[in-house]
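# turn this into a structure:
(2 chains)
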Amino acid sequence: MTDVVRTGFRPSRVAIYGLLLLAALVYLIPLFIMLVTSFKTPMDIRTGNLMALPTDWTTIGWTKAWSEACTGVQCEGISGYFWNSFKMTVPAVLISTLLGAFNGYVLSKWKFKGSDLFFGMLLFGCFVPFQVVLLPMAATLGKLGLANTTSGLVLVHVIYGVAFTTLFFRNYYVAIPDALIKAARLDGAGFFTIFFRILLPMSTPIFMVSLIWQFTQIWNDFLFGVVFASGDSQPITVALNNLVNTSTGVKEYNVDMAAAMIAALPTLVVYIVAGKYFIRGLTAGSVKG
Amino acid sequence: MSQLELRSIRKTYPGVAEETLKGIDIDIASGEFLILVGPSGCGKSTLMNTIAGLETITDGSIVLDGKDISTMEPKDRDIAMVFQSYALYPTMSVRENIAFGLKIRGLPKHEIDQEVERVADLLQISQLLNKKPANLSGGQQQRVAMGRALARRPRIYLFDEPLSNLDAKLRVEMRTEIKKLHQRLKTTIVYVTHDQIEAMTLADRIAVLKDGELQQLGTPKEVYDRPENLFVAGFMGSPAMSFVPVTVEQGEGGLQAEVRGNDGRALKLPVPEFLADRVGRKVILGIRPEHITQPQDQKNDQTLVAKGEFTIEVTEPTGPDVIALIQLNDTNVHCRIDPEHPVTWGETAELMFDMKKVVFFDPETEKRIAPH
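Numbering: from 1, shown residues only, chains lettered A, B, ... in the order given. Reported below is the predicted structural model:
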């Protein structure tokens, strides 16, 4: 059987790889168009072919998007909103991941009466549509004095993310043998020592899964951003929308594309950096040891 | 060096009607090697977990060196445990694994280092100290797990089926090591296993459990030679003891019981005098394979010995012996025969029954009928 696999050039193989290549191309075309368009001059865009490479390579679209483009009344580019998104995403991701890890630890290793029911109900949180909570959440944030602030957005994303992160960590920790916890208890370790010294160091793969998932979700979120933030605290997704919809004369596609690329870059970078852990974490059923 | 008393330990899990432990009473002397043995689900692991403090008891008390520790947290009991899965901390090196408990107890660094060295020497794992558990073989992981328990010099060691994840050869080696270690350190050990050979070879005393009840507590020899009931008799020994229903009769030379092979040939077996009050009644004859052998000349003149011809149904050579299967009164009975005395399946062979060490059970109560 292994011989058959090794004999390289067979029609079926060619067909499979051809198809895979084609699929990859189809997925890459939008990215390609975005990239080349962002480096074109407006003139080039109007006259040239959509797929063609720029005749004059220019970064004017990128600089304009970053610091000059108009998002509504202001014309300061999207850089400010880019940092807004970071200020919102980083704490929200870290807090929700840590809370999820902690929840998962309790729900898998320190089960209490009704903990399985609790977990089941928590899972509903994964399926609640965003729209449903908009009004109550707005009221709550208002009462807490967090309306229209980045902290408010962080809170919303943490609450929404905890259901997912708890699910990740709980399922990861369930596969870790209970004997490990028992051994640590006999060694004299308490609740927190076991968590920080034994379980957390074992959690790198699932941490990466949670980080990537949460980062992508929170960074890409538009609805909460547009509803619960205003003006200076808006995240980049909202700014991007404003930028594209602000029309002052001719549409500057190169600026739009550059802005969209800037908005998409962080999630891309996170995936490239931590992606191998993502796959590993998703497939890891149990822990070697 | 510590003495442990288990006083009528009861345990009921919430939502479970039947008790898991139904009042276990065991006194474990200082330096004693006690083995808890029984089939899966008999409560032996639960009992061990309650000693460790990993599970609470519903009733009774656990007394360590005169002090009631029933409600103490595991960390305050000063007990160490070796787990079946070893439960080594995967992200820590062997050194850190062994040192973990000492660190948590706040020992100064030089003392920890000293202790790790001592334990590593003792278990011959010094060259592994900087490795991670995942890079160790099963036997090495086993040693590290024991090292972690030894490092704290606890008052009691608990072993929860520590050898069952090893392959057969390694298991026998580690068994010997554990025995040596115990003889050297004279520590008090409670050891759970379902392997009756492990129990026989290691224990000072064996506690046989079934369905949460203590069936018998005694030295390996007592448990093997004088099992309290049918369960213990069938559990200890491999191949197991055979149970043949017989009727006690008054013969000319004394009491006897008839067994009939599957070819219809009968043999009157002499039985001991303490069965006199059961003449005419059924008893269960418990006979171990080594009680039925090829004819041995030196036993010819002994009392309570009989010879008869039976058809061999199956032979299983084990090396030192051949285990042969015959039928007595429609039950399968194993015999242990010298390989130098060849027997063939399907043919008859003359067998010698040594009735001096056989046991008898009451068919009603399933208890052993004790000599008066």
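# which stretches of the stretch 251-372 of chain B have low pLDDT?
B:372 (pLDDT under 70).
# which residue is the nearest non-sequential neighbour of residue B:23?
residue B:8 (4.4 Å; C-beta to C-beta, 6 or more residues apart in numbering or on different chains). No exception for glycine: its C-beta is placed from N, CA and C like everyone else's.
# what about that neighbour, which helix or strand?
strand B:4-11 (DSSP states H and E).
# let me know the pLDDT of residue A:8.
Residue A:8 is assigned 59 on the pLDDT scale.
# should've said residue A:1
pLDDT at residue A:1 comes out at 44.
# near chain B, which residues of chain A? Just list them.
A:177, A:179-180, A:182-190, A:193, A:197-198, A:201-202, A:287-289 (C-beta under 8 Å from any C-beta of the partner chain).
# below-threshold pLDDT in the stretch 1-150 of chain A: ranges please.
If you take pLDDT under 70 as the line, the stretch 1-150 of chain A has these spans: A:1-8.
# hmm, try it at 50
A:1-2 (pLDDT under 50).
# residue in it nearest to chain B?
Chain B sits closest to residue A:113 of the stretch 1-150 of chain A, with a gap of 8.2 Å, by C-beta to the nearest C-beta.
# how many other residues sit next to that residue?
8 (other C-beta atoms under 10 Å in any protein chain shown).
# swap in residue A:232?
Considering only other C-beta under 10 Å, residue A:232 is surrounded by 12 other residues.
# could you find the closest non-adjacent residue to residue B:38?
For residue B:38, the closest residue by C-beta to C-beta, 6+ apart turns out to be residue B:209, at 3.7 Å.
# doesn't that neighbour lie inside a strand?
Yes: judged by DSSP: H, G, I helix; E, B strand; the rest coil, residue B:209 forms part of a strand.
# got the phi and psi for the residue in the stretch 101-250 of chain B that chain A sits nearest to?
Closest residue of the stretch 101-250 of chain B to chain A, C-beta to the nearest C-beta: residue B:101 (3.5 Å). Recorded main-chain torsions at residue B:101 are phi -60, psi -30, according to degrees, to the nearest 10.
# quick one: pLDDT of it?
For residue B:101, the predicted pLDDT is 92.
# am I right that it is in contact with residue B:150?
No: with contact defined as C-beta atoms under 8 Å, residue B:101 does not count as touching residue B:150 (10.5 Å).
# ok so, going back, need the buried ones from the residues of chain A next to chain B selected in PyMOL.
Remark: buried members of these, expressed as a PyMOL selection using 16 or more other C-beta atoms under 10 Å in any protein chain shown:
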select buried, chain A and resi 177+179+180+182+183+184+185+186+187+188+189+193+197+198+202+287+289
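# number of residues surrounding residue A:127?
7.
# any idea how far the residue of the stretch 1-150 of chain A closest to chain B lies from residue B:14?
Counting by C-beta to C-beta, to the nearest Å, the separation of residue A:113 from residue B:14 is 8 Å.
# any chance you could map the helices in the stretch 201-350 of chain B?
B:220-225, B:230-235 (DSSP state H, counting those that start in this stretch).
# show me what the last one packs onto, helices and strands only.
The contact analysis (3 or more C-beta pairs under 8 Å, 6 or more residues apart in numbering or on different chains; DSSP states H and E) places helix B:230-235 against strand B:205-210, strand B:213-218, strand B:242-250, strand B:282-287, strand B:359-361.
# helices or strands next to the last one in the packing?
Under the contact criterion of 3+ C-beta pairs under 8 Å, 6+ apart, strand B:359-361 touches helix B:230-235, strand B:282-287.
# pipe those into CSV and attach mean neighbour count per row.
Converted to CSV, the helices and strands packed on strand B:359-361 look like this (neighbours: other C-beta atoms under 10 Å in any protein chain shown):
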stretch, mean neighbour count
helix B:230-235, 22
strand B:282-287, 21
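# which of the ones you listed sits closest to residue A:238?
helix B:230-235 (72.7 Å; C-beta to C-beta).
# and the closest one, how far out from the chain's middle?
11 Å (C-alpha atoms, centre = their mean, to the nearest Å).
# and that helix, average pLDDT?
pLDDT averaged over helix B:230-235 gives 94.
# which residues does that helix contact?
With contacts defined as C-beta atoms under 8 Å, 6 or more residues apart in numbering or on different chains, helix B:230-235 is touched by B:37-39, B:196, B:208, B:210, B:215-216, B:223, B:227, B:240-241, B:243, B:284, B:286, B:359, B:361, B:366, B:368.
# could you say which helix or strand holds residue B:111?
helix B:109-123.
# pick out the residue nearest the middle of chain A.
Closest residue to the average C-alpha location of chain A: residue A:216 at 0.7 Å, with C-alpha atoms, centre = their mean.
# which pLDDT value belongs to that residue?
92.
# next up, phi/psi of it, please.
phi -60, psi -50.
# how near is it to residue A:277?
14 Å.
# repeat that for residue B:91.
15 Å.
# same question, residue A:33
31 Å.
# more neighbours: which of those two?
Neighbours were counted for residue A:33 and for residue A:277 using other C-beta under 10 Å; residue A:277 has more, 18 against 14.
# ok, how many other residues are close to the closest residue to that one other than its chain neighbours?
In this structure, residue A:277 finds its nearest non-sequential neighbour in residue A:208, 3.3 Å apart by C-beta to C-beta, 6+ apart. Using other C-beta under 10 Å, residue A:208 is surrounded by 22 other residues.
# secondary structure element for residue A:208?
Using DSSP H and E, the secondary-structure element containing residue A:208 is helix A:204-220.
# dump that helix to PDB, restricted to CA.
Output of helix A:204-220 as PDB, limited to C-alpha atoms (Å, rounded to 0.1, in the frame of the first residue of the first chain):
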ATOM      1  CA  THR A 204      -0.700  26.500  26.200                       C
ATOM      2  CA  PRO A 205      -2.500  24.900  23.300                       C
ATOM      3  CA  ILE A 206      -6.000  25.700  24.600                       C
ATOM      4  CA  PHE A 207      -4.800  29.200  25.600                       C
ATOM      5  CA  MET A 208      -3.800  29.800  22.000                       C
ATOM      6  CA  VAL A 209      -7.200  28.500  20.800                       C
ATOM      7  CA  SER A 210      -8.900  30.900  23.200                       C
ATOM      8  CA  LEU A 211      -6.700  33.800  22.400                       C
ATOM      9  CA  ILE A 212      -7.100  33.500  18.600                       C
ATOM     10  CA  TRP A 213     -10.800  32.900  18.900                       C
ATOM     11  CA  GLN A 214     -11.500  35.700  21.200                       C
ATOM     12  CA  PHE A 215      -9.100  38.100  19.400                       C
ATOM     13  CA  THR A 216     -10.800  37.400  16.100                       C
ATOM     14  CA  GLN A 217     -14.300  37.700  17.500                       C
ATOM     15  CA  ILE A 218     -13.700  40.900  19.500                       C
ATOM     16  CA  TRP A 219     -11.500  42.600  16.900                       C
ATOM     17  CA  ASN A 220     -13.900  41.900  14.100                       C
END
